[in-house]
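K.L.:
Give me coordinates for this.
(chains A and B)
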Amino acid sequence: MRRKSSAAVAPPGGPFGRAPAEPVASLFSGGPAAGHNMTDVQSTALNASGVVKRFGAVTVLEDVQLNLRAGEVHALMGQNGAGKSTLIKILTGVHAPSAGRLSLQGADIAPETPLAAQKLGISTVYQEVNLCPNLTVAENIFAGRFPRRGWGRLKAIDGPRMLRETRELLKRLNLDLDPAQVLGRLPVAVQQLVAIARALSVEAKVLILDEPTSSLDDSEVEHLFAVLRELRRGGLAILFVTHFLDQVYAIADRITVLRNGRFVGEWTPAELPAPALVAAMVGRDVTLASAADAPAAAGPAQAAGTAARLSLKDFGAARRLHPLDLELRDGEVVGVAGLLGSGRTELARLMFGLDPADSGTLAVQGVTERLTHPAQAVKLGLAFCPEERKADGIVGELSVRENIVLALQARAGLWPCIRPARQRELAQHYIDLLGIRCADSDMPIALLSGGNQQKALLARWLATAPKLLILDEPTRGIDVAAKQELMNEVMRLAREGMAVLFISSEIDEVLRISDRVVVLRDRRKAGELPRGCSEAEVMRLICEPQPEALAADIAEAA
Amino acid sequence: MMTGRAIPGRRANAPAPSPAPAPREPAWQRAARHPLLWPLVTLALILAVNASLNPGLWHLEWRNGHLYGSLIDIVNRAAPLAIVALGMTLVIATRGIDISVGAVVAISAAMAALMVGGQLQVVNGQPVYLSRFPMWFALASALAVAAACGAWNGVLVARAGLQPIIATLILMVAGRGAAQLLTGGQIITVYYPPYFVIGNGFFLGVPVAALVALAVWIVMSLLLERSALGLFIQAIGINPRAARVAGVRARTITICVYAFCGLCAGIAGLIVSSNVKSADGNNAGVLMELDAILAVTVGGTLLTGGRFTLAGTVIGALIIQTLTSTIYAIGVPPEINLVVKAVVVFAVMLLQSAEFRRTVRAVALRKGSVR
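P.N.:
Residues are numbered from 1 along each chain as shown, chains lettered A, B, ... in the order given. Here you go, the predicted model:
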């Protein structure tokens, strides 16, 4: 509620009704007293001070400190590109710091490899699960240090012991799992918990979790937190990186904020309410705007009379999407809500010609088209930011510049080639427009942080001046401020007349931005809600089986 | 409206990215990271070894209106390999590989030799050489067949989804068979002097074969630089799925790249058969695919696809030919020839591995600090 009321009328100074900059400063100066008391009680597990990291000409960390105490959950917060990942990589021995010192329980350490860090007792679970899906749970947990039995050089893996120890370990984490099950068959959330189990199976003093919750649903997050609380009671020091503010307040005992590669401050959650935390991360106020705040006369009303930019009739594909109808008009943001696997991504891929549709029609401005390749969709003025940024979006080793011009060049064909000077100009334009953080446009895009990669992908499509923009989970894994910038940008584009299809698993985001919400459930359209509908209404459509859908299912079964 | 105006203002106020500009690195440091540095160093080393054992290496002379000398000889002999390797570079850049090029060399050679054929007739007391078909037609046919072979590979990879090494393995075996069928298992001798120009002739004193290789290189460079082909090939090689989503016609381009690789092998086949004035379906271009892949990798293009360098490939081909010439010049007994070559290639690959150089440096530093 507070968000909405503040957005449209609040002056840029204080959307939260507080002036965050000041409290941050005073909190910081007032903080140490409380902090020192805490330090006396709790012994420091891992300490980093004066850490500097340079990559070539770029300084990504400048005099950063972190004090992680035994028996606490410590949230490391910051925007994309603030240096969180780099700091973690330094703590875990992936990178060597350019300057500064690390100490573990008072003794200086300098881990040179992740393995060395692990041996010291620093275990890490990365954002993407990096286990082997073809091995069993137990094999994954013990990979690299299997228990052996036998004599001399002929030692076999002690399978029964491995299973037994895995079972004990899983029991400690309240995980009811068969250790002999192949990992790839388990849901991602459970795989994440297995990754944590693996991290804990070595004698860990410090556990680092890099955005462990980005692929988990609420109940899974709750389970994870229960495990973390248990571990905290056991005296483990836990460093926790997340973009979800509510999770920070649900579990963290302490918060360290980084910004632009610098240390901003360390607080307890009580000292730092959410608005102040955001202000500390961003260094300025964030305006939370929404479509509801925009003048009512915006886009869709003007365009109501004209032919729809894109209309789908009985459009679907076997095993991917039940036939559905949908119309997208210029200047309109249509949100798509639905659970994972509800057909959101399938809809986008079919519309863009990535998968073949086998029923119904797709018409662009009234003209029926048959899309068999994305190139056709691009020619028709469609653009698509896919959900899987790494797999389907970025071309990692190519520069930011080349990534930005790729779609434009693909639409133009092989010849003429966009001149390098023009490429640079285009790239710089979007780097400035979207606030992409990179040293220069010739830097490989893989070196950018997730949010900046996402912005660069948006830039790739904006460069083609699309008429219809399909965004599939554009805000996943990026921080609040970047999220908001992205959504502001989307609304600006819609105001300028672009049609936007906004797909997100975060219902409040969809509601905030959309003129209309389409709800998908079990790969079919469950309904369409107008602007101003409530989250409860959307949830009801998401969860409740529709009578006609049920009837169809029964008919199919028969 | 409010937010609409607020955004640009905020952007203007937003702090510039923090990276503090470090002092610009000196030129030698930038040169040390140049991708062509290590291939060039390798070439220079091998040439230096050759020169120390064979003082005549640098000797060039003008004889009968032609350039003569060991270096010219090396360049001339490296030409077919360089052409094949240039085509292979693009295939490797798309994350593929083509092990059928040797067979395509044989097919093209057999095709051209059969169609040119040639016989001596005495017309009005003057000896006149006649070809079976007009020579341009024979050459065009051979090249067309070679390109078609490449396109076949491309279709298998891009359309049928076969793994490149398996897809081209089919033609590697079948193509050799086809070449043997064409030649009837015999060595076909060509009796038509104009055909010999390609492999043995000189133009303005320079070997024609080397000029052909140079032309292929220049045409490719222009093509890749002036069009977006280079960007698309790299995008396909690094992330084919993303390239497709961005609207790049990945399959079509992949097929064209394989067809071009076949065409290059065809050109090399013409040079090889013209050079020996015959076509041997059994032995022409045998193991050439491996030399070509070696030339590409020695030149600095990674087998994992993506970034590639044509200049590096040409240097790689020169390295391999210089090495071969050096081994002959030194007088290594033929039976241990291959072993010596293997050892040198091994050393070259180690020298080019950044990982290995780092290890060596670390060991050297540790030794230094102990003292």
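K.L.:
Strands along the stretch 151-300 of chain A, start to end?
P.N.:
Secondary structure of the stretch 151-300 of chain A by DSSP state E, counting those that start in this stretch: the strands cover A:154-157, A:206-210, A:237-241, A:254-259, A:262-267.
K.L.:
same check, this time on the stretch 101-250 of chain B
P.N.:
Going by DSSP E, counting those that start in this stretch, the stretch 101-250 of chain B shows strands at B:119-123, B:126-130, B:187-189, B:202-203, B:206-207.
K.L.:
that older thread, so which of the strands of the stretch 151-300 of chain A comes closest to chain B?
P.N.:
strand A:262-267 (7.2 Å; CB to the nearest CB). In short, each C-beta sits where N, CA and C put it, glycine included.
K.L.:
relative to strand A:254-259, how tilted is the closest one?
P.N.:
160 degrees (axes from the mean of the first three to the mean of the last three CA atoms, to 10 degrees).
K.L.:
What is strand A:262-267 packed up against?
P.N.:
Using 3 or more CB pairs under 8 Å, 6 or more residues apart in numbering or on different chains; DSSP states H and E, the elements in contact with strand A:262-267 are helix A:21-41, strand A:58-69, strand A:254-259, helix A:274-282.
K.L.:
Report the backbone C-alpha coordinates of it in CSV.
P.N.:
Presented in CSV, the C-alpha positions along strand A:262-267 are these (Å, rounded to 0.1, in the frame of the first residue of the first chain):
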residue,chain,number,x,y,z
ARG,A,262,32.8,0.0,-1.6
PHE,A,263,31.8,-0.9,1.9
VAL,A,264,28.8,1.2,2.9
GLY,A,265,28.1,-0.1,6.4
GLU,A,266,27.2,-3.0,8.7
TRP,A,267,23.9,-3.0,10.7
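K.L.:
pLDDT wise, what is the residue nearest the centre of chain A at?
P.N.:
Closest to where the C-alpha atoms of chain A average out (CA atoms, centre = their mean) is residue A:477, at 1.1 Å. Listed pLDDT for residue A:477 reads 72.
K.L.:
can you pull the contacts of residue B:77?
P.N.:
B:321, B:324, B:325 (CB atoms under 8 Å, 6 or more residues apart in numbering or on different chains).
K.L.:
Pick the one among these closest to residue B:63.
P.N.:
In terms of CB to CB, no member of the contacts of residue B:77 lies closer to residue B:63 than residue B:325, at 19.4 Å.
K.L.:
Then the closest one would be within a helix, right?
P.N.:
Yes: assessed with DSSP: H, G, I helix; E, B strand; the rest coil, residue B:325 lies in a helix.
K.L.:
ok, it - contacts?
P.N.:
So, once contact is read as CB under 8 Å, 6+ apart, residue B:325 ends up touching B:50, B:70, B:73, B:74, B:77.
K.L.:
which stretch of helix or strand covers the first one?
P.N.:
Counting by DSSP states H and E, the element that carries residue B:50 is helix B:37-53.
K.L.:
so what does that helix touch, helix or strand wise?
P.N.:
Under the contact criterion of 3+ CB pairs under 8 Å, 6+ apart, helix B:37-53 touches helix B:310-330, helix B:334-352.
K.L.:
got the angle for it vs helix B:310-330?
P.N.:
Using the same axes, to 10 degrees: helix B:37-53 against helix B:310-330 is 20 degrees.
K.L.:
List the contacts of helix B:37-53.
P.N.:
Taking CB under 8 Å, 6+ apart as the rule, helix B:37-53 contacts B:31, B:57-58, B:298-300, B:312, B:315-316, B:318-319, B:322-323, B:325-326, B:329-330, B:344, B:348, B:351-352.
K.L.:
Which of the residues in it are classified as buried?
P.N.:
Within helix B:37-53, the residues scored as buried using 16 or more other CB atoms under 10 Å in any protein chain shown are B:38, B:39, B:42, B:43, B:45, B:46, B:47, B:49, B:50.
K.L.:
distance between that helix and the chain's centre?
P.N.:
20 Å (CA atoms, centre = their mean, to the nearest Å).
K.L.:
what residues does the following helix or strand past it touch?
P.N.:
Using DSSP H and E, the helix or strand that follows helix B:37-53 in sequence is strand B:60-63. Contact with strand B:60-63 is made by B:67, B:68, B:69, B:71, B:72, B:205, as judged by CB under 8 Å, 6+ apart.
K.L.:
So how do I select the buried members of these in PyMOL?
P.N.:
The following PyMOL line selects those of the contacts of strand B:60-63 that are buried, judged by 16+ other CB under 10 Å:
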select buried, chain B and resi 67+69+71+72
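K.L.:
could you dump the contacts of strand B:60-63 to JSON lines with distance to chain A?
P.N.:
Output for those, formatted as JSON lines (distance: CB to the nearest CB, whole Å):
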{"residue": "B:67", "distance to chain A": "37"}
{"residue": "B:68", "distance to chain A": "42"}
{"residue": "B:69", "distance to chain A": "40"}
{"residue": "B:71", "distance to chain A": "35"}
{"residue": "B:72", "distance to chain A": "36"}
{"residue": "B:205", "distance to chain A": "36"}
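K.L.:
Among the contacts of strand B:60-63, which lie within helices?
P.N.:
B:71, B:72 (DSSP state H).
K.L.:
Show me the two of the contacts of strand B:60-63 that sit farthest apart.
P.N.:
Greatest spacing in the contacts of strand B:60-63, by CB to CB: B:71 and B:205 (13.6 Å).
K.L.:
one step back: out of the contacts of helix B:37-53, which are buried?
P.N.:
Buried members of those, scored by 16+ other CB under 10 Å, are B:57, B:298-300, B:312, B:315-316, B:318-319, B:322-323, B:325-326, B:329, B:344, B:348, B:351-352.
K.L.:
And for whatever residue of the stretch 251-371 of chain B ends up closest to chain A, the neighbour number?
P.N.:
Proximity of the stretch 251-371 of chain B to chain A (CB to the nearest CB) peaks at residue B:306, 5.1 Å away. Using other CB atoms under 10 Å in any protein chain shown, residue B:306 is surrounded by 21 other residues.
K.L.:
which residues touch it?
P.N.:
The contact partners of residue B:306, by CB under 8 Å, 6+ apart, come to A:397, A:398, B:93, B:95, B:234, B:237, B:238.
K.L.:
element containing it, please.
P.N.:
Using DSSP H and E, no helix or strand contains residue B:306.
K.L.:
Got the phi and psi for it?
P.N.:
Backbone torsions of residue B:306, given as degrees, to the nearest 10, read phi 100, psi -120.
K.L.:
ok, now how distant is it from residue B:189?
P.N.:
According to CB to CB, to the nearest Å, residue B:306 stands 45 Å off from residue B:189.
K.L.:
likewise residue B:248?
P.N.:
Taking CB to CB, one finds residue B:248 at 47 Å from residue B:189.
K.L.:
Compare those two and say which one has the larger neighbour count.
P.N.:
More crowded of residue B:248 and residue B:189, by other CB under 10 Å: residue B:248, with 28 against 13.
K.L.:
So which residues on the stretch 451-558 of chain A come close to chain B?
P.N.:
Residues of the stretch 451-558 of chain A lying close to chain B (CB under 8 Å from any CB of the partner chain) are A:460, A:488, A:489, A:491, A:492, A:495.
K.L.:
where exactly do the helices run in the stretch 101-250 of chain B?
P.N.:
When assigned using DSSP state H, counting those that start in this stretch, the helices of the stretch 101-250 of chain B occupy the ranges B:101-116, B:135-158, B:164-183, B:193-200, B:208-226, B:229-238, B:240-245, B:250-276.
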